[in-house]
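>>> after the sequence you'll find the predicted model.
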Amino acid sequence: MDARHLRTFIAVAERLHFRQAAERLYVSQPTVSAHVQALEREVGAALFERGRRAVRLTPAGERLLGHARRFVALEDEAMADVRAWRLRFDERLRIAASIFVAAATLPAALRRLLASRPRLQFSLRTAFSQQVVEAVGAGEADVGVSRLPPPGGDVAGRLLAAEPVVAAAPAAWGTVGLEQALRLHPLLTHNHPGYWDRLLGRLRAAGLECQPMEVRQVDVTCRLIAEGLGLSFLPRSAVAAAGPRLQILDVPAGLELPQTGTWGLWPAGRALPAAAADLLDLLARAPDEAAAPRLDHSG
């Protein structure tokens, strides 16, 4: 099988959209269609159901997808190994990290790791936390850093850091109470994988009305809040990293906000590479971020 065709197939399967796959691969949409058609001729079965409004994997496509991912991962590993040998790298480390962690705490930890291991070559895959868990379980990463705990089974892990969830709002709103803010502005939800369903239940139990609006990424949520487009409940470190345009609101005494955390993950039953263990230790020792500005709401 042609690896280019398999990579194209994977891109379409992950997006269920030929144009978006073409944009991701920096090729034309006819090229994507040609690759998929060539692969379908080779396997002797249709891989996608192409409707007027949607693209779906066929049973044959679903069966091929896992094999394709392993095939491509093996090719990537082989090429990386040869390049590392040519460049005299002694170690290689495949990292999968959640988008939030990759932007917030991972860069500083990687800098310190490379300072102590200058002959280390790493690759970094960023994804949503559930996809990080899946990549580690499938053996596509030596170590993962996720906002979700290990589910057991093929994935083991440890808690690296815990932090509180806080109510975040635009600093430009000035002195405002949480109840009033929720009543007047959208609540940006489901930007974090671990706590939103429980938290929405607690808001209802506390009698706090809200207008939920899903935004699936923490960094995008922070930007929207900074522009005055709503409020949210976010990890404290995310609010601190967003800077002075965000503030932390006080919450009523009867409303208990959850804790969240960062977990280090690795394939269960395998020895954790020394470089991976060092990276997780560095992330666990990362200093706590300063709190975001908190305005006085006592008046």
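The structure has been received and is ready for your questions. Remember, it's a predicted structure, so these values are computed and weren't measured experimentally.
>>> I'd assumed residue 267 was in contact with residue 139.
Yes: the pair residue 139 and residue 267 passes the contact test of CB atoms under 8 Å, sitting 5.7 Å apart. C-beta coordinates here come from the backbone N, C-alpha and C atoms, glycine included.
>>> helices along the stretch 1-150 of the chain, start to end?
3-15, 18-25, 29-43, 59-86, 99-104, 106-116, 129-137 (DSSP state H, counting those that start in this stretch).
>>> what about the ones you listed, which gets the closest to residue 173?
Smallest distance to residue 173 across those (CB to CB): 24.0 Å, for helix 99-104.
>>> distance from the chain centre to the closest one, please.
7 Å (CA atoms, centre = their mean, to the nearest Å).
>>> ok, residues contacting it?
Outside of helix 99-104, the residues within contact range by CB atoms under 8 Å, 6 or more residues apart in numbering are 124, 126-128, 145-147, 192, 217-219, 235, 237-238, 241, 262.
>>> can you check stretch 208-225 too?
With CB under 8 Å, 6+ apart as the test, stretch 208-225 has contacts from 99-100, 103, 128, 168-170, 178-179, 182-183, 185-192, 200, 203, 230-232, 234-235, 238-239, 241-242, 245-246, 252, 255.
>>> out of those, list just those in helices.
Of the positions in the contacts of stretch 208-225, 99-100, 103, 178-179, 182-183, 200, 203, 238-239, 241-242 sit in helices, assigned by DSSP state H.
>>> report the buried members of those residues.
Neighbour counting with 16 or more other CB atoms under 10 Å marks 99, 100, 103, 178, 179, 182, 200, 203, 238, 239, 241, 242 as buried within the ones in helices among the contacts of stretch 208-225.
>>> distance check, the third one against residue 237.
To tie it back to what came earlier, the one meant is residue 103. 11 Å (CB to CB, to the nearest Å).
>>> cool, and the first one?
Residue 99 sits at a distance of 14 Å from residue 237 (criterion: CB to CB).
>>> equivalent analysis for residue 274, please.
27 Å.
>>> who has more neighbours, the two?
Neighbour count, other CB atoms under 10 Å: between residue 274 and residue 237, residue 237 has more, with 25 against 12.
>>> which stretch among the helices of the stretch 1-150 of the chain comes nearest residue 154?
For those, distance to residue 154 was read as CB to CB. The smallest value, 3.9 Å, belongs to helix 129-137.
>>> residues in contact with that closest one?
96-98, 125, 127, 141, 143-148, 150-151, 153-155, 193-194, 265-267.
>>> those, buried ones only, as a ChimeraX selection?
In ChimeraX, a selection of the buried entries from those looks like this (16+ other CB under 10 Å):
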select :96,97,98,127,141,143,144,145,146,147,148,150,154,155,193,194,265,266,267
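>>> which ones among the contacts of helix 129-137 are found in strands?
Counted as lying in strands by DSSP state E, out of the contacts of helix 129-137, are 96-98, 125, 127, 143-146, 155, 265-267.
>>> quick one: least confident of these?
Ranked by pLDDT, those bottom out at residue 127 (88).
>>> isn't that one right up against residue 96?
Yes: Residue 127 is in contact with residue 96 according to CB under 8 Å; the separation is 6.4 Å.
>>> so how far is stretch 69-76 from its chain's centroid?
Taking the mean of its C-alpha atoms, stretch 69-76 sits 21 Å from the chain's own mean (CA atoms, centre = their mean).
>>> actually stretch 104-119, not the one I typed
Counting by CA atoms, centre = their mean, stretch 104-119 comes out at 20 Å from the chain centroid.
>>> dump the C-alpha coordinates for that stretch into PDB.
Written as PDB, here are the backbone C-alpha positions of stretch 104-119 (Å, rounded to 0.1, in the frame of the first residue of the first chain):
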ATOM      1  CA  ALA A 104       0.900  26.300  28.900                       C
ATOM      2  CA  THR A 105       3.400  24.100  30.800                       C
ATOM      3  CA  LEU A 106       5.000  21.700  28.400                       C
ATOM      4  CA  PRO A 107       7.400  24.200  26.600                       C
ATOM      5  CA  ALA A 108       9.300  25.100  29.800                       C
ATOM      6  CA  ALA A 109       9.500  21.500  30.900                       C
ATOM      7  CA  LEU A 110      10.900  20.400  27.400                       C
ATOM      8  CA  ARG A 111      13.500  23.200  27.600                       C
ATOM      9  CA  ARG A 112      14.700  21.900  30.900                       C
ATOM     10  CA  LEU A 113      14.600  18.300  29.700                       C
ATOM     11  CA  LEU A 114      16.700  19.100  26.600                       C
ATOM     12  CA  ALA A 115      19.200  21.000  28.700                       C
ATOM     13  CA  SER A 116      19.900  17.800  30.700                       C
ATOM     14  CA  ARG A 117      19.600  15.500  27.700                       C
ATOM     15  CA  PRO A 118      21.100  17.400  24.700                       C
ATOM     16  CA  ARG A 119      21.100  14.200  22.600                       C
END
